[in-house]
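K.L.:
fold the following for me, if possible:
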Amino acid sequence: MKDFLVVAAVAAGALGIVGGSVGAGHDTGTLVSPPEAVVEQFVRKLAGARYDVALAHLHDRSPAMRDRIRTTSDALRARAGAIGQVEGKRGVIDGDRATATAIVTTERAGDITIEFRLIRHAGSWRIASF
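P.N.:
Numbering: from 1, shown residues only. Have a look, this model is predicted:
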């Protein structure tokens, strides 16, 4: 029993050190989705016409942005046809700002590349522009 308590204390201490270093180091991708994952999820939701769910990935959630999401989603699906795959590619992370790219593989239009700028807000990455 004593050995178990020692192991539990060491594990708790190690987790505390990791948690403290991630928090103090302003985590950009360990405990939060990295920018490339955010844009990949966003584009998948656009491809599926899931506008309200896609809105959660944006820094600006205004009514104008809702309209832009719908327009962008409709244009993407009209141009691309069936979307086979979406892959996020990391760009540059500079403090609370980042870039990332989504590569959309389609039947009709081939590969479509969409570039994004992101802002870290409340600890998570949000899309600022695309």
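K.L.:
going forward, measure contacts and count neighbours with C-alpha atoms only.
P.N.:
Will do.
K.L.:
can you list the domains in the protein?
P.N.:
1-26, 32-129 (automatic domain parsing).
K.L.:
could you tell me the least trusted of the ones you listed?
P.N.:
Note on the domains of the chain: domain 1-26 shows the lowest mean pLDDT, a mean of 62.
K.L.:
for A75, see how far away the residue nearest to the spatial centre of the chain is.
P.N.:
With distances taken as Cα atoms, centre = their mean, V38 lies nearest the centre of the chain, 1.0 Å away. Applying Cα to Cα, to the nearest Å, the value for V38 to A75 is 21 Å.
K.L.:
show me what contacts A98?
P.N.:
35, 91-92, 117-119 (Cα atoms under 8 Å, 6 or more residues apart in numbering).
K.L.:
related to what we said a few turns ago, pull the contacting residues for the residue nearest to the centre of the chain.
P.N.:
57, 88, 125-127.
K.L.:
before we move on, which element is it in?
P.N.:
Under the criterion of DSSP states H and E, V38 resides in helix 35-47.
K.L.:
what of L118?
P.N.:
strand 111-121.
K.L.:
now the strands for the protein?
P.N.:
For the chain, the strands defined by DSSP state E occupy 83-94, 97-106, 111-121, 124-129.
K.L.:
identify the residues contacting stretch 49-60?
P.N.:
Under the criterion Cα under 8 Å, 6+ apart, residues 38, 42-43, 45-46, 61, 66, 69-70, 73-74, 119, 121, 125-128 lie in contact with stretch 49-60.
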